[in-house]
Structure formats: structure tokens, C-alpha cells
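Visitor: I would like the atomic coordinates for the input below:
(chains A and B)
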Amino acid sequence: MPSFHNAYINFSHMTPMVDFTAIEQKWQQRWYEERLYEGRRGGDKKFFIHFAYPGISGYLHVGHMRGFAYADMIARYKRMTGHAVCFPAGFHASGLPAVSLAKKVERRDPAVLQYLRENGCPEEVIANLADPAEVVRYFSQVYVDDYWKRFGFFIDYTRLTDTVSPGYRRFIQWQFHKLREKELLTKKPHFAPFCPQCGPVAVDKSETDISEGGDAEVLEFTVIKFTMDDMVLPAATLRPETVFGVTNMWVHPDVEYVVAEVGNERWIISEEGLRKMASQMEGEIRAVDTVKGSQLVGKTCTDPLVNREIPVLPATFADPGVATGIVMSVPAHAPYDYVALREAAPDIEPLVIINVEGYQVPAREVVEEMGIRRQEEHEALEEATRRVYKEEFHRGVLNRRCGEYAGTAVAEIKDAVKNALLEAGQAAVLREFSLPVICRCGSPVVIKRVPHQWFIRYSDSTLTETSKEHVQSMHIFPEEYRQELPKVLDWFGDRACIRQGSWLGTEFPFEEGWIIEPISDSTLYPAYYVVAKYVNQGRIQPGDMSLDFFDYVFLGRGAPADPLWEEARQDFLYWYPVDINLGGKEHKTVHFPVFVMNHVAVMEPRHWPQGIFVHWWITQQSGEKISKSKGGAVPIPDAARRYGVDTMRLYYAHIGAPFVDIEWDGDTAATYRKRLVRLWHLAQELLEAGGEEAGDVDDWLTAVGGRAVNEVRGAMEEYELRRAANIIFFDLPNHLQWYQRRGGQHRATVRRLLRTWLTMMTPFTPHLAEELWEKMGERRLVSQQAFPEPQKVDEHILQREQLLVDTLQDVQEILSVTSLDPSTIYIYTAPPWKWEVAETASRLAENGTLSMGGLMKQVMEDENMRRQGKAVPAFVQKLLPEVQRGTMYRRIDEYGHLSNAREFLERELGAQVRVFRADEQAPDPGNKKDQAVPLRPAIYAE
RNA sequence: GCGGGGGUACCCGAGCGGUCAAAGGGGCAGGGCUUAGGACCCUGUGGCGCAGGCCUUCGAGCGUUCAAAUCGCUCCCCCCGCACCA
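Guide: Sure thing, here's the model as predicted:
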């Protein structure tokens, strides 16, 4: 990331005026000494927030801090608004990542060693990291010290836990007992990605378990058994419905196929195909002979469904590495087959079995249109296949050649044909990755049948429906996810919940040798944070945490065997339910649904979660998720040092809505830093204000501050952190600057505003806020201040200052358009009668009875008005559309305010300014007086 | 395919029926000040305007409405998830 390095210029030769690092250390020390972070019961307002704990896979980077920072800002805000807050955190240590890191350290993998060193891992620690338990221990410490505490988070550090600690394991075993009691565990066969060396692995884009192939999909081939003498020629296809249109078979002439015993059948299949079948089928399969492809060419076989005799032909595109290596040919609908058949046997006619409007023989027409000549043109043929398939799938209908399926749409038929073939024993299923998948250990990953796999029955209809219903009442952010989650719950099927192998995790209580997999052991865990505190304090031993213990603490069942049980029960009753579970968008279809469903399944309804907050990612500049391998990982301590912790916090809060991906850019972080420096100096300047006399601007500053408080509170209550930060760090400072520009310097007003401002800053940039707070002479911590209460705001004061701003702008626009350099500027404020008309119009608009006629009638009742003559209808005509557009007129003292600001205007405009009432005797050299209307004084410059 | 999200001025990003030529930041330009740390302050940054105005714009095209960046439909383009990864 070159820009990151460019962004940083070394200032060490200068004396920094704001030493962020020193300020951070100073206040963190005080906070942590005073244990402000600890969640203690108290009062009737409580708030329980946690984030989806991070997996332990090594060092984290700036992207990960986004969500943690959100959680801390919310937690701090809640603290300052009178809530008892519990904000615990933990570490997800289960699964492969820690083990895999340890393995690499053990074999001294150079890339991993370099990565550890670059992140500042001491040599003596590296030596220990060959032990997975040490990986967990060490990185837990790194996350706490170098990330969370370094960023000033008020996480409850007394409740830290990890998912492989003995206590946690007891908890998970209890959870599985509960699931079993509810009959939510079941056992059935399963097909899983499997490494012959490592056992089951996860195939996903983050490539946690694998080194290649994270994008692979699992394709489900239907293997149709064509018979050839006493043998089976198993043709694999993704489109079983096309079996009606087969004209021939393809084999590769140069490939050595094997003859294998499959049950009581003898199959001809490629060697790779045999291996795949073997790992996925029941019973033993073994090769007994071989046969060259060319030896098969010229024979015939029988299509099982239509019982038709067809020839075996040679084709070089028949890849032995794909599925069974035997391909059935459907030339009318498969471009590959069409092209190959044209070469091999031009006399065979394609059999059209799917009617698509606009096509006769779809494959032929697409191939001809694209000008494809040879079966080696793979790219073009792939494209042609996609096109044909797309058309046929959406618009195709099976024709009379398809027997009982004639007349059905392709989109609806696929599974029917497959199932019929399977039931008749004329087909099998073969699953295969769409791309090569390689395990971290280097072996190719296959799909393996696990005969007796335990599942959690998330498909259970009661569980699904109850969960969906409960979700309706939850606070879910963003709104889009609130609508999506019920659909995810519907889609969520049974989940394999245990696996074998050398993984970290909890032993499955109902079958030896199996370990609960890492998603299934992290669904109910916020409850465990309640207990974790006691474990950490040594007040209860994991061995004493029996099923009865958890039953009592979490469900109120049975009787306490120890006073501590009762204490824990009371804690649980106080803190639960979870108010916010916060996590990245990667959790939308994995963690959050099971988080909800497990609570629904196990806990009492009153303890089901109340809220979910989903945030998007910080990506690399390419838009990719940041990853170590792609070089985009900025270490967190580096970022803290370079930009400052408060800068980073503000960056996260303000760079974009939580619900968009943000591209990391060091330059941008640097501008936030600059912003904070500027605010620092602004605050310093304001502290020096020593004025005794308050004026108009002071009233305005108070009003504008009050409005900011109300808006920030409104935003924070909805967790709109960006909007709040925008007001605090951008709008309000701009107002303060305007105040200065207006000459404001009243000591008491400024200090009052500063107190409010710093207090509101605290959730976002707590260190800076503390430091400035102290400079104001405050002794207590701003972190312990109450957030400013909602305030009454005098709209008139805001409006009259707005009048000044608008008027100044109007003058400037006039000057810029006319290129005048005036010596005198005349300003005329609207006469009272125009205000009266405007106010009357506004009142009528509020009642919804505004009309030209009605307004004129009412206005003209007044003798004063009648005296104005035809000026009244002229004004009303101009005014009406303005009011209809929604402008509300409430009288302000325009003349008084502008007169008071006369000196300011003269300073700004560099000319003499004369303010008059339009209705009084006054010089009017430009003849502009009559143009004065409410909120729009007439202006003349000369 | 199923499910979800997007396309806003030079860039990032607000806005999601009127107060919108569209916040805020960045960049760029002009001016001021002379240096708060990559300075700071003011002004400008769609076009046209010698009086505060007018015209054209928010992926494209229709439409609803007195009124649309905002609502509906169609189309184009981009992104994400789809399951033993937290």
C-alpha cells in the first residue's frame, strides 16, 4: 500500500504540539486504574452489548477495529446516559486457525515467521507458538493489550473468556444437552469437504482451512447408468433432463479408463472419477481392470430411460478429471457435443427435446452464430454453453420426446428427472468442486460421505417460525437486514455440528472422538460472560459447573447448591437479554441466525436477544477484503501510533455509514488527524475567551449548541454514529468558527458550550475530550459525566442569525455579479405590514386553508392594509408560492438584529453598512426599499 | 438459479417526495494571513448572468404527482452471501 507510506511524514524533528500518544497513555491509565470499564449492576436501566468475538488466527488489522470501535462508542454513550453497561468480550479459539498457525510455526514456515516478526512478535514467543494453546494465550493477550486497551475501549476485562477454556467447554456441553432435550439434534449421512491428511475442512473465501479454491462451488452431477453389454457406462451430467436427447456417448480415445466393481455392477470410469465415487458411496469399490478409451469407441450402449441403442464416439474434450470422465452427448442442446459430433459423425442428427421460442436446434444456432469450428475452442464453447443453458432454463419447455415430462418447463423439471432415475436405480449422485481445492497441508480436498453425522435441526419448523416471529420485535440495524433475516431463517437448514480431527473445540457429549464445530459452539455465548467473571475470579471451578449449575443460573430450574449460584442467577436476570450483538456483514447468514435460534431454542422467551447491529467492512483499495496474503493489513499498533487512537475512532465513526464498505486509505486517516488537531486548537482559543458582556451571538451559540445536543441524542439513540459524529466534529466546530468570526468571546457562554461539546465528543474521541476537559479546570473525568440533557431551543434566535448569514451571502452575490467595489451598502428590512401578511399566510397554510382569495380577503379587512394600496396584492402574489413551498413565517426583529451586527457586516464587506426599516424615512438612492420582504431585506450597493 | 445490496458533481460520501444545484470532507483555483503539526482563515469549484436570478443535472428510459435524486415500472452496469469461515 504505497499511499499508506507516503501519507506518513516523519515529524520527529519537530516538537509536536499535540502528543496523541502521551494523552492516550495518560487517560487510559486513569480509566483502567479506576476500573471504569467494569460492568456493575445498578439502577433499572441496563445495557448489555457485545460484538461477535474475533477468531484467533493471528494479528488483526485496522479493518477489524471498525466494529469493536462502534461497540465501544455505543457502550460509552449508554454509560453516559445513565445505563449500567455490560460490554464483555472474548476470543473464538475453536476450529483450525490456531492449530494451523501453530503447525506452520512448528515447521518454521518462512512466510509465517516473517509475518510474526514484522508484527513485533518476540523470538522467545515465536518459539512457543508451535503449541496451539500458546497461540490462543498469546494472541488473546495481544488483542486485549495492543488493540482493545490501546484504543481505550471500556470492555469489561473481568469477563474475558475463550472458547476452549475449561469453563466454556462445560457451558457448551450444557447447551448441547439442552438441544438434545428439545430434540433438536439428529443424525444422518452428510457430504463434507475433506482432506485425506487433515480430515474435514471448510471451503470458503477467507480460505481459513485451505490454501486454494475458496471460490469453489459444490456441483452435483447426476451419474446416469448407460448399459454396455454387462457393464455400466456412467455418464455424468448437470442437466439430467437432457437424457431424452442423447445421441451418443463420448470417451477420450487416449485415456486409460478403469473397470471397477461397484456393488454388483461393473463400471467403466476414469481413475479420478473412481476415487471420487469411492469417497462418496457406501460399500467398497475397487478397480479390477483397465480399458483404453479407443477400445470403447465403436461399441454401443443403451440409454436407460428411453431404451435406445447409441454409439460410443471419441472426443478430446471428455476430461477424465471431471466427474466420471464419461460424457453423454446431447448435440441439440450442448454446444460441445454439437461441435464434436459434427466432426465425429456428421450423419447423426441432433435430437431436439426442448422447445425454446426463437430456436430450432439451440446448440447449433448458437455455435453457428458465434462461428465456433472446433471442440478445442474452450472459451467460446463455455460461453455458448452458458447462453444455451440460460435460454433453455428460463424459457424452455420439454417436448413430446420426453414422455411423461412433455410440456413441462425446464426450470421445474430438473429434480424430477433426477429423482426418478435415482429411484429406479438408474443413476447415482456425484458431488464435485467446480475448481481444484487444495488443503493448507497441500493435499487436494475431496468430498467425502460421512455416514452418521450429527446435525442441529435448524430446519425445525417450530424453531424457525418462533425465531422469525421474535425477530419482528428485535431492533435490527440496518433496516435491510431486519427484512432479510426472516428469509435467512427460512433458508437455514440443518447444520452439521461436530467433526473429527485435530481441532480445538469442545468434546461432543454424546459420541466420543467428535468435536463440536466452531459455528455451533458460538451461538449462546453472551450468557457465558455472566459466569466467566466468577471463573476468572476463581470463585467457581469449571469442574463444579455442573448441568444443574447452568440450569439454575440460566433457566432458574432446580435449587442453588451454593450461594454463588444465586448470585450468578441474579446477575443473569439483571443483564440478560442481550441488547445489541454487533458483528460484520459476514455474520449475516451464519452467526446471527444461529445466535437467534439457539436463544429461542434454549432460553426463556424473556431472555431472547433484543438487537443486532451489522456493520460492513474496511476493504483494501481494490475493494477486496483486507487479508494478510494480499498485503493490505496495516497493523493496529502502527495505525494507533501514526494517526492517533482518537483519529482512528473518529475515522471509523465518520468515514461512512456503518452499512457500506470503506476502502482503507492512510491519507484519509491523516486528514482526520488534521481535523482533530484543528479542533484542539479551536478549543484552546475558546478557552482563552475572556469577554464579560454577552450579546446576540452568545444567545445564538447557546441555541445552536442546544440544537446540536438534541440532534446528537436523536442520532445516538438510533445508533446513527456517523450522523452524531458529523454534528459533533464538523457542524458544531463550524458554528464555533462562525461565533469567533462574529466576534463572540463571552467567557461564560463559551465555557458552557465547551462543556457540552467535550461531553458529546467523549464516546468518539475520549482521550482528547479528557485532556481538554482537564484544561478547562475540571477535576472529574469527562468519561463519567452525564451526556447533555435534551434542551429547549429558541428558534427565533436561530432564525435571526440565519437572516444575517443569508443577507451577507446576498450582498456577496450581488457584489460578485456586478463586480462593484462599493463604499456604502444600504440594507432595508421588511415593513411590519408585510410581516403581518406573511404571518397570516403561514397561519392559513397551517390550517390548510391557504388561498389567494382567502388571504387577500382576510388581509384587506385591516384598514392599515388597505392604506398600502396595490402593494398588498403584489406582495401576496410573490409570497404565496413561498408559503406553499413550506416556508413558515414567524416574526423576528430583523432591524434590531442586523443593526446590532452592523460592525460585523462592515468588517466582512469592507464598506460602510447602513441599516434602515423600509417603512421609515431613509435615503434610498437605488430605489430598492420596496423590495424588502420578510427574511429578505432589500439591498443596495454603491 | 435463490436471497440481498448498489449506481449522487473531480474523488469519498450525505440526502431517499417539496426548504436540493444537492450536507460534510478531500482535491483543485483565487484571495487573505504569515506559519497550529501534512499550517490557518475567507471565497469559488455544472452552465449562463453588470443586482440577490435563470437554465441543465443525481446510471438510462418511461410513468405517478401541483412537485421526484427521492415513489412505481422497464432496461443497463457493479457488488455480496448461498452453509462444517468467525
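Visitor: next to RNA strand B, which bits of the stretch 751-900 of chain A? Give me the list.
Guide: Counting by CB under 7 Å from any atom of the strand, the residues of the stretch 751-900 of chain A close to RNA strand B are A:807, A:809-810, A:812-814, A:816-820, A:884-886. (Each C-beta comes from the backbone N, C-alpha and C, glycine too.)
Visitor: and residue A:936, what does it touch?
Guide: A:806, A:810, A:830 (CB atoms under 8 Å, 6 or more residues apart in numbering).
Visitor: Throw those into JSON lines and include neighbour count, thanks.
Guide: Shown next, in JSON lines, are these (neighbours: other CB atoms under 10 Å):
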{"residue": "A:806", "neighbour count": "13"}
{"residue": "A:810", "neighbour count": "15"}
{"residue": "A:830", "neighbour count": "24"}
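Visitor: what's the nearest residue in the stretch 1-150 of chain A when you look at RNA strand B?
Guide: residue A:18 (2.1 Å; CB to the nearest atom of the strand).
Visitor: what is the burial count for residue A:70?
Guide: Neighbour count of residue A:70, defined by other CB atoms under 10 Å: 22.
Visitor: quick check: residue A:374 touching residue A:342?
Guide: No - the criterion here is CB atoms under 8 Å, and residue A:374 misses it with residue A:342 at 9.6 Å.
Visitor: so for the two, which sits in the more crowded spot?
Guide: When neighbours are counted by other CB under 10 Å, residue A:374 and residue A:342 differ, and residue A:342 comes out ahead with 17 against 14.
Visitor: where does the more buried one sit, in terms of helix or strand?
Guide: helix A:335-344 (DSSP states H and E).
Visitor: after that helix, which helix or strand is next?
Guide: Using DSSP H and E, the helix or strand that follows helix A:335-344 towards the C-terminus is strand A:354-355.
Visitor: residues near residue A:244, how many?
Guide: Quick note: residue A:244 (other CB under 10 Å) scores 23 neighbours.
Visitor: repeat for residue A:211
Guide: Residue A:211 has 14 nearby residues by other CB under 10 Å.
Visitor: where does it land on pLDDT?
Guide: Confidence at residue A:211, expressed as pLDDT, is 79.
Visitor: let me see the contact set for it.
Guide: A:438, A:439, A:440, A:442.
Visitor: ok, residue A:794 touching residue A:700?
Guide: No - contact between residue A:794 and residue A:700 fails when scored by CB under 8 Å: they sit 9.3 Å apart.
Visitor: surely residue A:476 is within a helix?
Guide: No - secondary structure assignment (DSSP: H, G, I helix; E, B strand; the rest coil) places residue A:476 in strand, not in a helix.
Visitor: from residue A:70, how far off is it?
Guide: 15 Å (CB to CB, to the nearest Å).
Visitor: one step back: and the contacts of residue A:211, which are buried?
Guide: Burial by neighbour count, 16 or more other CB atoms under 10 Å: within the contacts of residue A:211 this picks out A:438, A:439, A:440.
Visitor: and the nearest residue in space to the last one that is not next to it in sequence, helix, strand or coil?
Guide: On the basis of CB to CB, 6 or more residues apart in numbering, the spatially nearest residue to residue A:440 that is not a chain neighbour turns out to be residue A:211, at 5.1 Å. Here residue A:211 takes the strand state, with states given by three-state DSSP.
Visitor: picking that back up, closest to residue A:899 among the residues of the stretch 751-900 of chain A next to RNA strand B?
Guide: Nearest to residue A:899 among those: residue A:807, at 12.0 Å, using CB to CB.
Visitor: which one is the residue in chain A positioned nearest to RNA strand B nearest to, not counting chain neighbours?
Guide: Scanning chain A for the residue nearest RNA strand B gives residue A:202, at 1.3 Å (criterion: CB to the nearest atom of the strand). Counting by CB to CB, 6+ apart, residue A:202 lies nearest to residue A:209, which is 4.6 Å off, once chain neighbours are set aside.
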